[in-house]
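Q: Structure for the following, please:
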Amino acid sequence: MLQPAMSKKDKLRKNITQIASHSQKESIKESVQQLIIYDGGSTNKQKPIVVLKYFDPAIECLSEWTQEELKSLSNTLSQIQSKTWQGVWEDTGLDCKPVPKDNDQFSSLIKLIDEEINILQMRVGRKPRIYGFRVNQYFFLYRLDRNHSVFPE
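A: As a prediction, the model looks like this:
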């Protein structure tokens, strides 16, 4: 019996499920490229989904953060997910902005994912920042910066 053709949305869901179920041995670049293939257009009107799949606790671990900083981080992640991507870009409190591609601290990550994808920085509080990258509506949280030492102002 013939199976009905899958819609782009169904293909994307199936692909995301497959990506999430693969082992960590799968390269980040392959995962990201698979997500990009099924992008049906702009996702600026969609709400971000924060993903910790590629979070690197070896750089900085949550256990180093104070209770107040953890609460701010939790509030920030909730705030990100409650807005659309357009809202995240426009929110001056989050101050979401791309990291310069020539930054040595992220060059190895950029090579692992895709040269076209920007690493993003977002404000968590007065000092703390988070860094990650966006693929479609997903924000892959990659690293923490409790003391705002990556790009001090």
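
Q: Any buried residues in the helix or strand harbouring residue 81, and which?
A: Element membership of residue 81, judged by DSSP states H and E, is helix 67-82. Judged by neighbour count using 16 or more other CB atoms under 10 Å, the buried positions of helix 67-82 are 69, 72, 73, 76, 77, 79, 80. Backbone N, C-alpha and C define where each C-beta goes, glycine included.

Q: which of the residues you listed lies closest to residue 88?
A: residue 80 (5.9 Å; CB to CB).

Q: Phi and psi next, for the residue nearest to the closest one when sequence neighbours are not counted.
A: Of all residues not flanking residue 80 in the chain, residue 48 sits nearest, at 5.3 Å (CB to CB, 6 or more residues apart in numbering). Main-chain torsions, residue 48, degrees, to the nearest 10: phi -70, psi 150.

Q: How about residue 144?
A: phi -110, psi 160.

Q: who's in contact with residue 101?
A: With contact set as CB atoms under 8 Å, 6 or more residues apart in numbering, residue 101 has these partners: 110, 118, 119.

Q: gap between the nearest residue to the last one once chain neighbours are set aside and residue 90?
A: The reference is to residue 119. Spatial nearest neighbour of residue 119, chain neighbours left out: residue 99 (4.2 Å); criterion: CB to CB, 6+ apart. Distance of residue 99 to residue 90, computed by CB to CB, to the nearest Å: 19 Å.
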